[in-house]
Structures are given as structure tokens and as C-alpha cells.
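In: Generate a structure from the sequence data that follows.
(chains A and B)
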Amino acid sequence: MPDMPHRPHPAAPLAERPQHASAALPAIPAPTRRHVVQGLGTGTAALALGGLTAPPAAHAATEPGTPGASPSAHPAAHTHTARFFSPEDFAFLSAACERIFPADAQGPGAIALGVPHFIDGQMDTPWGRGELWYMQGPHRPEAPANLGYQLPYSPQQIYKTGLAGVVAWVQKTHQAAFETLPPETQDSILTALENNATQFDTLPAAAFFEQLRSDTIEGAFADPIHGGNKHLAGWTMMGFPGARADYMDWVDRYDTPYPYGPVSISGETA
Amino acid sequence: MAEKTLPPVDVVVVGSGWAGSIMAKELCEAGLSVVMLERGARRSTARDGAYPASIDELEGAVRYKLFQNPAQTTVTVRNRTDQEAVPYRRLAAFLPGAGVGGAGLHWTGVHFRATPQDLRLRSHVVERYGSKFIPEGMALQDYGVTYEELEPFFDRAEKVFGTSGLAYTVNGEVTGKGNVFAPDRSDDFPLPPLRDVYTAHLFRHAATEAGYHPYAMPAANASQPYTNTYGAQMGPCNFCGYCSDYACYMSAKASPNVNIMPALRRHENFTLRSNAHVLKVLLDSTGKKATGVVYQDAEGNHITQPAGLVILAAFQFHNVHLMLLSGIGKAYDPASNTGTVGRNFTYQNITNSTVLMPPTRSTDQFIGSAGGVAIDDFNSDNFDHGPHGFIGGSPLWVNQAGVKPIAGAKGSFPGAPRWGSAWKKAAIDTYRHSFTINAQGSNMAYRDVYLDLDPTWRTSYGQPMLRMTFDWKDNDIRMNRFVVSQLEGVVKALGAQDAHYGMREPGKPFDVRDYQTTHLCGGAIMGEDPKTSALNRYLQSWDVPNVFVVGANAFPQGMGYNPTGLVAALAYWSAHHIRTQWLKGNGGPLVAQ
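Out: Residues are numbered from 1 along each chain as shown, chains lettered A, B, ... in the order given. This is a model prediction of the structure:
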């Protein structure tokens, strides 16, 4: 029986003066410590009941062996309305994320993890609006790639431009919507985007693909408070304990891999 | 927008990171009235590091909550002088801080001294290898201060930072199993070293087997509860793995916010103003005396703060930028090799190697601290460079500061697929079973690598951006490749399943898209000759003697070690000479020209 997880214990009160700054409040509602401690307790109980080797529940809920599952196998993707994306764009986005991060023997895919909704939610943030990037011109998109991003698009504009372009491009080249195509065809389309086979307005297809790939990974593995990583299943797959963030008792137990499953900022456990 | 002039003060300090906080504390202790101006927001560990909200990879390390926002101010970058530089629009390669505490709030906490050789590298190389050993175009220089002179200030900084480590010699006597290459110390570290995480433990044993000399990395993460020399309290590091990019919720990582601000705020002669972006240093009609600074506040007002002494401590490149915008010293011109402000701009030469262990054991990379295990066998001049024909070196280490899953998945094993099921499996296997060995190397200065003002792009404050002209050079590429290749014996001893040796590739230019390090150096360097340095050995401007410029901008070249320990020691060194000499004199130069 492993030890109880060590509870986070912030240091003794410091002399540091609390600051009531004019800066924006954190965007994330901070749960009380009590919630987290409860969460840890639940995790320990689940561990004791489930044992260390039982597959996480999130795995069982998915369908290993159906890597090409079409979005219709995931009705959740369509029953929740996206706030930023049009239904047509969201259908492409969902299907594309699922091919980048498919449901498979490793665990759930992007749709079951809520990745498309995560991306939708990120559009309405300072980052999504481009407020965290230097957006002033002049722009030099022809500059060498190693000198970094030089396009005039914010993340919102990358998606708006990229999705409008790619939906039309797939319709033209395949006479069908992306989400209705077989997985192999979807993969070949994504590969073409990755290899920059076309461009949408002045947005290179590869820039759109890289944004999509990067945001899919973020949605799969960010804390669930951001809308993805549902049921902490991304973390369970990776073997990441999430917001436990206290390994005082585990640093030098070189013969024992860390045994506890993840907990989120909100206190949710896998 | 209004313009306003405030009553004069004795000192204005630009920046509230380590350099600014140390200078402000020292000058408050001297009884001077000090106004500290911070470009960013108020920040505190209690709020910005509060558990559990701060344990958020997306906000902390992906959206860069605590960092400088390029939309407000950034730089332009090019590799060569015949290119047009373009803006650094998204943070990636380097991550400057903004807000109270500066980058000192979200650094990792690796806390080194400098080696005696690094501080007088030109003299040392000439003595050992001859002046012909220095390649054409390399601007190799001495700091103008020796290790012996700085030793008391290294010691002082460690006792403020609560640094955990293990000495090798103290006052000439071997006292512990520390770094056999480390210079002598006047006292031990204030705290014992942090425990080795599993991967560091593996590296320690494999490095020993390979014939090297592993040691516990010195870290400003408290291995035990600690009360520092200012009475500020630190909690014990619990290896939460949220060091880099985050405020430490345990208050175990040293930061200006935890270790200095509580004491600084007790001085009635201290004032901190946040959201105060300094636009320039004001000079009198002679151009030889600063009269204060002008800054823009959060409402867009331009405020003049008169002061008798100006300390620039705004981070390496912001210091250089302010000097160029203010006309302090002569801008460097690489064509004629004249001028000093902007020259000897350097970085740090880091590549990462990935070791994949067999699937029978998890590497638990999420556990982390600023500690770890390093070898210095190929750092500095700890080995004979004669047969290799390059200058510089690199420590090799496992410094596992906590790998989170977004970063882990984005950086899965080199050569693996980039998406789809095969990628997913590789990403998960790599996260669970691999670890990273870093080669963090020196970067020499070159005549055509420098900082100046950009002719095209402007910051949100309407000022010309700073322009970086930077590329990797043959000497540094060969150094990196030699040092990384020495890892083969370690990897063999580890029993690794696979390894990817991360090396600098000849012909591959500096790439701003890949995170490397925020250890930017030089541009306004210290030295003994006003023709080749912007600052004298006390960090005083040769040209405007009531301006001192504190930070890694003062390093003549980039060293293998992390810069913060040397920045802190140089700040205490500079402050000591302001207090004991400059304040007692006529306000003139501390070194005659």
C-alpha cells in the first residue's frame, strides 16, 4: 500500500506583502485549497480500489481499434455548439483534430478529449485575439523561416482564413466535406497541408496545419479547466499527475515509479 | 496624455528584477531615497504563484502569463548584416520577463558563480595558448574584475538567495564532494544540496562510470526552510516541477519578490512604481550627466522623474536599448569597429540530447527542481583546448525542472512522426521513459554580432525597436559538437535504449522559433578600455558617470554557466563601490580614462 500522497503545504506565512494590484485578475477562477485536498483524497481512494494496473476508465469509454472513427461516432462534438466557429468550420476542425490525435489503443482521441471545444474557447482570449503577439506592420512573410512568424494573422484570423480556405479546397479537390471522407483520405489531405501544398489567401497551408497541430496538443494536455483533456484522460495517457505538484516523498524512491493518477486544478480526478 | 515632473529623488532604479532589487536595497541601506520603476505589473508569489491556480501549463508556459508581451515591446532579429531584420512577434527562443521581480520571478533557480578563467578569458587564453589561438573576428575580452575580487559578493548573493549546493573546497580545504573544478570559496553554501531526482541519479552514476566528475548543481531552491540575510523566509522545495516559467508556490525558489522585496519595502525611503515604462534617460546639456528619466505610466502620461543617480537594471537588452535611445555612450559600428554600445552581444550555446530508457522504468520527468547533476569536465578551460582549436566550453547536465505534458508532447523523440497514432505512441513513450541531457555552452563575441536600433519597426511606445544581429559561428559550433560527443560514454553506461545527440549543425542559422534560453548577454559590457567597453569595472558608464548599468549586458562573452549568479554578484560589487567610493566623491568616474 503506497503512502498517502503528500499534501501541498505552502510555506509558512511570509513577510511578503499581499498586493492589490491594478493588473487584470487571473482569468481562471481559483478553487479553494479544500477542493483540491478533497480531490487528492478521492484520487487516493480510487487508487486503492482500482489498483495500479487497471486501465483508466477513460480508456474503456473509447473504442480502441477504431482509429478511423468518424465524428458521427462522437455525437458530443455536434451537440455542443461552438461559440466562435461556424458549424461547417467546426465539423472540419473536429475531424482534423481527431486525425492529428486519434482515438486508438493509447486512449481517447481529440474529440472525446474536448479538443475542438478547447480551441473554440481559446479564440475568445487575449491570445486568440492576437493581443499576445506583435501584430504591427509592415509584415515580411517572405523573410527566412528561421526568423519566425511574420504573417499578419492573429490566431482567430489564422482559423477564419484557414478554415474557409481548406473547406472550399477539400470540396473542390474531393467533391465532399472533409469530415465525410475516409480516414486515409483525411490523412492525405492533412499531409498535403503539412507539406504546404496550397495556401489560403496569403496564409500558407503549413502555417494553418502547424497552428492546428499545436492547439490540438494543447487541448489534449492542458488542465481541464480550459475545456479539453476531458476526464483528465490526456494526462492519464501520458502518465502526468497534473496539479499534484508535490513530490517531496517521491524524489529519491528510485525503485518505485510514482503511483498516483492525475488531479486537476478544480480537484477533479481521473 | 499629460506631462508631469515629479520631485527629485537621489536614485532612480529602472527595473525590479534581481539586479534592480539588489541595487535598490543597497542604496536604501545607504540612506538614499530610491524610486524603482517597473515596466510591468505588480506581482507577488503569494498571488501569482498561488496553488493550485498557478499549476497551469497552458497559462504559465504556453501563453506566457508572466512574460514580456511582444505587443508592447519586442526586438527585431536577423542573422547577418546584409539581411533585413524582422520583428520577434511571438515569444519562443528567449522569454524576457515583465512585472515586479522581472525574470527573477519565473527563472528556474540554477545559481552558479563564474569560473576565474571565464572572468579573464582573453588574458587566460593568451597566456595558455597564445594570441594566435583567437580566431579572426572574435572580440574576446576580460571582465576587468577577478574571481578573487568577486568572491565575497558571490558568497553574499548565495546567502540572500538561499542557495543549496555542495562545496568542494572552502578556504583551501577540501570539505565535500562538490565540483572538483569549482574555484575556492570563503564559505560553504547556506543550504545542503537538493536530492537527486531519478534521472539525475542515473546521470550521476553513468558519468562516474564514464570517468567524469559529477556534482550536485547549485540551485537557489531551498532544500530546507531558510531565513535569509534580510530576514525573508523560504519554504522547502517539494520538487513540484513548476520552476521555469512559474512563480514558486512553495516560496522555495529564490525571487526578488520573496527574498528582497519584503525587506526593501520596510525602507521608508523606497518607492516602487509598476506599469512605469522608462522611455529614456535624460541628460544635461553637456551629455555627460544624467538628470533623471522619463517614463510612460499606465494611463499614457509621460512622467519625468529627476534623480541624481540612475541605475539601469531593466534586463540585458532593455539596458542596451535605453542607452541607445538616450545617447549614453557611442553606438557600436561593426564596419569601423568603433563605438561601444551594442558590441559583444552574445547568447548561450545550448543543445539538448534525449536519452530513451527501456520501457521497464518510468523516468518521472514531471518531478523537478532547479537542482540536478552536472559535469564540468568540458566547461570553461577545464580541459586542454590546444588540440581542438576552439575557445569555450560547456557543462553537461541533467537539470530536470519538471517536464509538463504539452511541452513533452510537442517535443517528442526526434525523428518520430509528428501526428496521428504513431506520433501519439511515440510522444507517450518518450514522455514516460526518456530524459534530457543539456549541453549549456559558452558563446563567444564577434565583430559582426551586435545590437543597434532598427530603422523600420517601432514599439507600442513609438520608439525604434532594438535590432539583434546574431548567428552561430564556427568556433561555437565546433565547441558544442565536441562537448556533446563526449556524452557517448555516459549514454553507454546508462544502458539507454536509444539516444539522440542534440548538436549544433554547421550552416544552420540561429532560429528564433525554438526555445533555447533567455540567457542573453553583452551589448553594454564592462572592461578596462573605454574604446572596447561601455562600462568600467564597476558597471559605471564611461561616458555618463552617474549612470550604472547592471545585468548580463555587462558580460564580454557568454559563459557556460547560467548568468544570474554572476549578475547578482556584479550588482553587489557595483553597489559596494557606489556606497564606499562614488557617494563619497564628486560623482565622477571611478576609473580614470
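
In: And the pLDDT at residue 172?
Out: The chain I'm using is chain A. Per-residue confidence (pLDDT) for residue A:172: 97.

In: wait, chain B
Out: With respect to pLDDT, residue B:172 scores 97.

In: just residue B:414 next, same as before
Out: pLDDT recorded at residue B:414 is 77.

In: ditto for residue A:80
Out: Looking at residue A:80, its pLDDT stands at 58.

In: again, but for residue B:45
Out: At residue B:45, the model reports a pLDDT of 88.

In: wait, doesn't it sit right on residue B:255?
Out: Yes. With contact defined as Cβ atoms under 8 Å, residue B:45 counts as touching residue B:255 (6.3 Å). Every C-beta, even on glycine, is put in place using the N, C-alpha and C of the backbone.

In: between these two, which one's more packed in?
Out: Neighbours per residue (other Cβ atoms under 10 Å in any protein chain shown) separate residue B:45 from residue B:255, with residue B:255 holding more: 31 against 27.

In: Please see if stretch B:513-530 touches chain A.
Out: Yes. Interface with chain A: stretch B:513-530 contributes residue B:513 (Cβ under 8 Å from any Cβ of the partner chain).

In: any idea whether the spatially most central residue of chain A is helix, strand or coil?
Out: Using Cα atoms, centre = their mean, the residue of chain A that lies closest to the mean C-alpha position is residue A:219, 0.7 Å off. What DSSP: H, G, I helix; E, B strand; the rest coil gives for residue A:219 is helix.

In: before we move on, what about residue B:272?
Out: Put simply, residue B:272 is strand when judged by three-state DSSP.

In: shared neighbours of residue B:45 and residue B:255, which are they?
Out: Contact with both residue B:45 and residue B:255 is made by residues B:105, B:247, B:248, according to Cβ atoms under 8 Å, 6 or more residues apart in numbering or on different chains.

In: What residue spans form the domains of chain B?
Out: As recorded under automatic domain parsing, the domains making up chain B are B:1-52+B:59-165+B:250-347+B:445-471+B:518-593, B:177-216+B:349-441+B:472-508.

In: Let me have the ones you listed in TSV, adding distance to residue A:264 as columns.
Out: Listed next are those as TSV, based on distance: least, Cβ to Cβ, whole Å:
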stretch	distance to residue A:264
domain B:1-52+B:59-165+B:250-347+B:445-471+B:518-593	8
domain B:177-216+B:349-441+B:472-508	13
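
In: and the helix or strand hosting residue A:163, is it in reach of chain B?
Out: Per DSSP states H and E: residue A:163 is located in helix A:155-174. No. Against chain B, helix A:155-174 shows no contacts by Cβ under 8 Å from any Cβ, the least distance being 10.2 Å.

In: So what's the residue count around the residue of the stretch 201-350 of chain B found nearest chain A?
Out: Chain A sits closest to residue B:235 of the stretch 201-350 of chain B, with a gap of 2.4 Å, by Cβ to the nearest Cβ. By other Cβ under 10 Å, the residues close to residue B:235 number 21.

In: ok, now residue B:258?
Out: Residue B:258: 33 neighbours (other Cβ under 10 Å).

In: Find me the pLDDT at the spatially closest residue to residue B:354 that is not a sequence neighbour, would you?
Out: Nearest non-adjacent residue to residue B:354, counting by Cβ to Cβ, 6 or more residues apart in numbering or on different chains: residue B:500, 4.6 Å away. The predicted local distance difference test score for residue B:500 is 96.

In: ok, now which ones touch residue B:500?
Out: Contact analysis of residue B:500 by Cβ under 8 Å, 6+ apart lists B:353, B:354, B:413, B:414, B:415.

In: what's the spacing between it and residue B:481?
Out: Per Cβ to Cβ, to the nearest Å, residue B:500 is found 14 Å from residue B:481.

In: before we move on, what about residue B:578?
Out: The spacing between residue B:578 and residue B:481, counted by Cβ to Cβ, is 43 Å.

In: Now do the strands in chain A.
Out: A:199-200, A:203-204 (DSSP state E).

In: Can the last one be said to contact chain B?
Out: No. Residues of strand A:203-204 contacting chain B under Cβ under 8 Å from any Cβ: none, with a closest distance of 14.5 Å.

In: now what about that strand, what contacts it?
Out: Contacts for strand A:203-204 (Cβ under 8 Å, 6+ apart): A:151, A:153, A:158, A:161, A:162, A:165, A:196.

In: Check the offset of that strand from the chain's centre.
Out: How far strand A:203-204 lies from its chain's middle: 23 Å, per Cα atoms, centre = their mean, to the nearest Å.

In: And the pLDDT for residue A:8?
Out: Predicted confidence (pLDDT) for residue A:8: 38.

In: Isn't residue B:482 up against residue B:388?
Out: Yes. Applying Cβ under 8 Å as the test, residue B:482 and residue B:388 come out as touching, 5.9 Å apart.

In: Compare those two (neighbour count), which wins?
Out: Comparing residue B:482 with residue B:388 by other Cβ under 10 Å, the one with more neighbours is residue B:482, at 20 against 13.

In: still on that earlier bit, list only buried entries from the shared contacts of residue B:45 and residue B:255.
Out: Among these, those classed as buried by 16 or more other Cβ atoms under 10 Å in any protein chain shown are B:105, B:247, B:248.

In: a strand runs through the second one, doesn't it?
Out: No. Judged by three-state DSSP, residue B:247 forms no part of a strand; its state is coil.

In: Below-threshold pLDDT in the chain: ranges please.
Out: Going with chain A. Filtered on pLDDT under 70, chain A yields the residue ranges A:1-80.

In: How about the stretch 1-150 of chain B?
Out: Using pLDDT under 70, the stretch 1-150 of chain B has no residue that qualifies.

In: How about the residues of it by chain A?
Out: Residues of the stretch 1-150 of chain B lying near chain A (Cβ under 8 Å from any Cβ): B:41-47, B:50-53, B:55-59, B:62-64, B:69-71, B:74, B:77-79, B:83-90, B:92, B:99-100.

In: Is it correct that residue B:375 is in contact with residue B:213?
Out: Yes. Counting by Cβ under 8 Å, residue B:213 is a contact partner of residue B:375 at 5.9 Å.

In: which residues are common contacts for those two?
Out: Both residue B:375 and residue B:213 are contacted by residue B:207, under the criterion Cβ under 8 Å, 6+ apart.

In: between those two, who's got more neighbours?
Out: For residue B:375 versus residue B:213, neighbours defined as other Cβ under 10 Å are more numerous around residue B:375 (27 against 17).

In: where do the helices sit along the stretch 101-250 of chain B?
Out: B:116-119, B:121-129, B:147-161, B:198-209 (DSSP state H, counting those that start in this stretch).

In: Could you say which helix or strand holds residue B:512?
Out: For residue B:512, there is no enclosing helix or strand under DSSP H and E.

In: per-residue pLDDT, it?
Out: If you check residue B:512, the pLDDT there is 98.

In: got the contact list for the closest residue to residue B:315 other than its chain neighbours?
Out: If the residues on either side of it in the chain are set aside, residue B:315 comes closest to residue B:96, at 5.6 Å by Cβ to Cβ, 6+ apart. Shown in contact with residue B:96 (Cβ under 8 Å, 6+ apart): B:67, B:68, B:103, B:315, B:317, B:318, B:518.

In: 7 Å instead, please
Out: By Cβ atoms under 7 Å, 6 or more residues apart in numbering or on different chains, the residues touching residue B:96 are B:67, B:68, B:103, B:315, B:518.
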